[in-house]
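J.: The sequence and its predicted three-dimensional model are supplied below.
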Amino acid sequence: MARSRRVVFVCCDGLGRDWVRADTTPVLHDLARASLWCAEHSAVFPSVTRVSAASVTTGCFPARHGLHGNRMGLLEQGRIVVRDVGSPDFRHHMRSATGGTLLVPALAERVAGHGGCIAFSNVSPGAAYFLDPEHFGHVYHRAGSFAPGGRRLEGSDALEVSHDAAGDWAMTQRFCAAVLCERQPAVALLWLCDPDHTLHGVPLGSPAHADALRGAERCVAEVVRTVERLRGEGDEILLLIGSDHGQETIGEGVAIEGWLVANGLEELLAKGDVAVAGQGTAALLYATDRGRGALLGVLDDMRRMPWASDVLAGDGLARQRFEPRGGVVAAVNMARRGEANPYGVPGRRWVALEGGKPAPIGSGQHGGWGPDETRPFLMINDAGRSVGSESRPTSLVDIAPTIVDFLGLPTGGFDGSPLPRR
């Protein structure tokens with residue numbers, strides 16, 4: 001592997017493929033025309049950021065890497081406890097309950113002896129830390145930054161930015177100057193919070209959505225400028241730019257726990273033998289051996305509810321590349337109606353309410369396998385050598401094998417495969 005050969009991956013969180021257009025994202029639109037565009041790129045289930053981060057960095061679907069969702073049930077002292085994967089201390093709880101974190105190596109582990117990995121992330125702490133959960137490389141996040149071995153970085157070595165567009169921009173400037181130009185790791189990851197962060201509070205297609213797209217594009221343009229300058233100086237850099245999922249509009253919300261109580265499972269819920277982990281426009285249903293039969297017994301009734309589009313268990317879950325293990329019994333994809341929002345964006349989704357919090361009706365959400373939330377984008381730019389459209393279906397799990405293949409490292413152990421460069 002040549003010293004100058006390296007890979008840069010930029011993730012614009014929540015930027016669905018249909019928004020990459022000349023009128024909404026001109027920078028990305030023009031760059032796509034000079035890159036290999038993945039026309040049938042897809043998300044994983046659940047289509048949430050924390051699971052997506054694990055799939056991007058491992059090249060594996062959740063069935064193999066073992067991170068279930070944005071919220072995940074853990075068996076603790078004989079009962080299922082649903083915890084927020086985004087919390088900075090989630091990995092501690094996961095290790096205590098399961099003995100580890102991800103079940104397969106992350107990119108940082110694969111390149112630890114071959115130029116290393118540095119990740120900058122402005123999304124939730126959990127999503128950032130699952131890019132490198134075992135501290136083989138450097139991870140920078142506003143909740144805490146870490147060097148290899150888990151050494152916490154302090155002061156000016158840490159990353160102190162706001163969780164918004166301004167924070168994305170400050171993070172990008174430092175990423176370009178300190179990581180791309182100075183430290184030059186084999187793999188450099190930049191994960192922006194927008195447009196996803198903004199869309200969780202505003203309607204799709206609104207002026208605020210347009211502002212969030214412009215902010216993300218400003219960051220992308222800065223990375224592209226830096227990469228082009230370094231290429232001009234002789235560096236061979238593979239640039240991948242994409243997203244993890246899209247967004248859909250919240251129509252109504254339902255507390256699935258309340259429905260289970262009304263259908264006779266109150267005691268099992270109270271004892272932790274049945275639990276619900278909401279994923280936005282989807283939910284995972286957990287049970288212990290004591291609660292499994294009762295939960296399975298109400299699934300047919302759940303399938304008849306207006307808020308449930310699909311309720312899958314067993315082989316049905318496997319078809320979504322999600323295994324019914326670790327206490328997971330079933331998954332619910334929330335229902336979708338076709339009407340448009342006030343800005344003409346079609347589709348309104350039910351969402352699974354969490355902890356009694358009201359749903360921000362009309363704002364963006366994701367998590368299930370709806371038509372828009374599962375359409376992220378991906379383009380591969382190698383200085384104009386690969387241009388056109390990749391017609392075969394691709395997925396988040398193809399990103400890691402593409403990276404290690406470019407670096408000349410072994411590509412075994414992935415669910416995905418390296419994307420061809422023409």
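T.: Sure thing, it's come through. Residues are numbered from 1 along each chain as shown.

J.: can you tell me how far Pro88 sits from Phe130?
T.: Remark: distance between Pro88 and Phe130 (Cβ to Cβ, to the nearest Å) = 12 Å. Where you see a C-beta, it was placed from the backbone N, CA and C, and this is true even at glycine.

J.: of those two, who's got more company?
T.: Between Pro88 and Phe130, Phe130 has the larger neighbour count (other Cβ atoms under 10 Å), namely 31 against 14.

J.: just for this protein, where's the confidence low?
T.: In the predicted model of the chain, residues 1-3, 421-422 satisfy pLDDT under 70.

J.: Which positions within the longest helix along it qualify as buried?
T.: If you go by DSSP state H, the chain has its longest helix at helix 207-232. Neighbour counts over helix 207-232 (16 or more other Cβ atoms under 10 Å) mark 209-210, 212-217, 219-224, 226-227, 230 as buried.

J.: can you check stretch 337-344 too?
T.: Using 16+ other Cβ under 10 Å as the test for burial, stretch 337-344 gives Asn341.

J.: do stretch 368-386 as well
T.: By neighbour count on 16+ other Cβ under 10 Å, the buried set for stretch 368-386 is 368-370, 372-382, 386.

J.: and that stretch, how far apart are its ends?
T.: The separation between the terminal residues of stretch 368-386, taken as Cα to Cα, to the nearest Å, is 32 Å.

J.: cool, stretch 411-418 as well?
T.: 8 Å.

J.: who's in contact with that stretch?
T.: Contacts of stretch 411-418 with the rest of the structure, by Cβ atoms under 8 Å, 6 or more residues apart in numbering, involve 58-61, 64, 104-105, 321, 395-402, 404-406.

J.: Kindly report the same for stretch 172-179.
T.: Contact partners of stretch 172-179, identified using Cβ under 8 Å, 6+ apart, comprise 118, 120, 159, 185, 188, 190, 192, 218-219, 222-223, 226.

J.: for it, the distance to its chain's centre please.
T.: 22 Å (Cα atoms, centre = their mean, to the nearest Å).

J.: Dump that stretch to PDB, keeping only the CA atoms.
T.: Output in PDB follows, covering the C-alpha atoms of stretch 172-179 (Å, rounded to 0.1, in the frame of the first residue of the first chain):
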ATOM      1  CA  THR A 172     -15.400  20.000   8.800                       C
ATOM      2  CA  GLN A 173     -12.900  22.800   8.800                       C
ATOM      3  CA  ARG A 174     -10.800  21.000  11.500                       C
ATOM      4  CA  PHE A 175     -11.200  17.700   9.700                       C
ATOM      5  CA  CYS A 176      -9.900  19.100   6.400                       C
ATOM      6  CA  ALA A 177      -6.900  20.900   8.000                       C
ATOM      7  CA  ALA A 178      -5.900  18.500  10.800                       C
ATOM      8  CA  VAL A 179      -6.900  15.100   9.400                       C
END
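
J.: Could you list the buried residues of that stretch?
T.: The neighbour-count check on stretch 172-179 (16+ other Cβ under 10 Å) flags 172, 175-176, 179 as buried.

J.: quick revisit: looking at the contacts of stretch 172-179, spot the one nearest Gly201.
T.: Among these, Leu192 lies closest to Gly201 (Cβ to Cβ), at 16.5 Å.

J.: what's the closest one in contact with, if anything?
T.: Counting by Cβ under 8 Å, 6+ apart, Leu192 has contacts 10-13, 122, 168, 171-172, 216, 219.

J.: for the spatially closest residue to it that is not a sequence neighbour, helix, strand, or coil?
T.: In this structure, Leu192 finds its nearest non-sequential neighbour in Asp168, 4.6 Å apart by Cβ to Cβ, 6 or more residues apart in numbering. Secondary structure assignment for Asp168 (DSSP: H, G, I helix; E, B strand; the rest coil): helix.

J.: what's near enough to touch Asp168?
T.: The contact partners of Asp168, taken as Cβ under 8 Å, 6+ apart, are 122, 161, 192-194, 215-216, 219.

J.: all strands for the stretch 151-300 of the chain, in order.
T.: Assigned strands in the stretch 151-300 of the chain, in chain order: 152-153, 187-192, 237-242, 248-254, 274-278, 282-287 (criterion: DSSP state E, counting those that start in this stretch).

J.: Which one, of the ones you listed, ends up nearest to Ala54?
T.: strand 187-192 (12.5 Å).

J.: ok now the closest one, how far from the chain's centre?
T.: Centroid displacement of strand 187-192 relative to its chain, using Cα atoms, centre = their mean, is 13 Å.

J.: I'd guessed Val202 sits against Gly364; true?
T.: Yes. Using Cβ atoms under 8 Å, Val202 is in contact with Gly364, at 7.4 Å.

J.: In terms of packing, which of the two has more residues around it?
T.: It is Gly364, of Val202 and Gly364, that has more neighbours when counted by other Cβ under 10 Å, with 30 against 20.

J.: So the more buried one versus Ala208, what's the distance?
T.: 11 Å.

J.: any common contacting residues for these two?
T.: Joint contacts of Gly364 and Ala208 (Cβ under 8 Å, 6+ apart) are Val202.

J.: List buried residues within the contacts of stretch 411-418.
T.: 58-61, 64, 104-105, 321, 395-402, 404-406.

J.: Need the max-distance pair from the contacts of Asp168.
T.: With distance counted by Cβ to Cβ, no two of the contacts of Asp168 lie farther apart than Val161 and Ala216, which are 14.8 Å apart.

J.: Name the residues of stretch 259-268 that are buried.
T.: 259-260, 265, 268.

J.: In stretch 70-84, which residues are buried?
T.: 70-74, 79-80, 82-84.

J.: What is the end-to-end distance of it?
T.: Stretch 70-84 has an end-to-end distance of 6 Å (criterion: Cα to Cα).

J.: And it, how far out from the chain middle?
T.: That offset, for stretch 70-84, works out to 20 Å (Cα atoms, centre = their mean).

J.: OK, contacts around the residue of the chain most remote from its centre?
T.: Most distant residue from the mean C-alpha position of the chain: Gly264, 34.8 Å away (Cα atoms, centre = their mean). Listed by Cβ under 8 Å, 6+ apart, the contact set of Gly264 reads 294, 298.

J.: measure it to Val298 for me?
T.: Distance, Gly264 to Val298, by Cβ to Cβ: 7 Å.

J.: Same question for Gly113.
T.: In this view, Gly113 and Val298 are 51 Å apart by Cβ to Cβ.

J.: now Arg349
T.: Taking Cβ to Cβ, one finds Arg349 at 22 Å from Val298.

J.: Sweet, I'm off.
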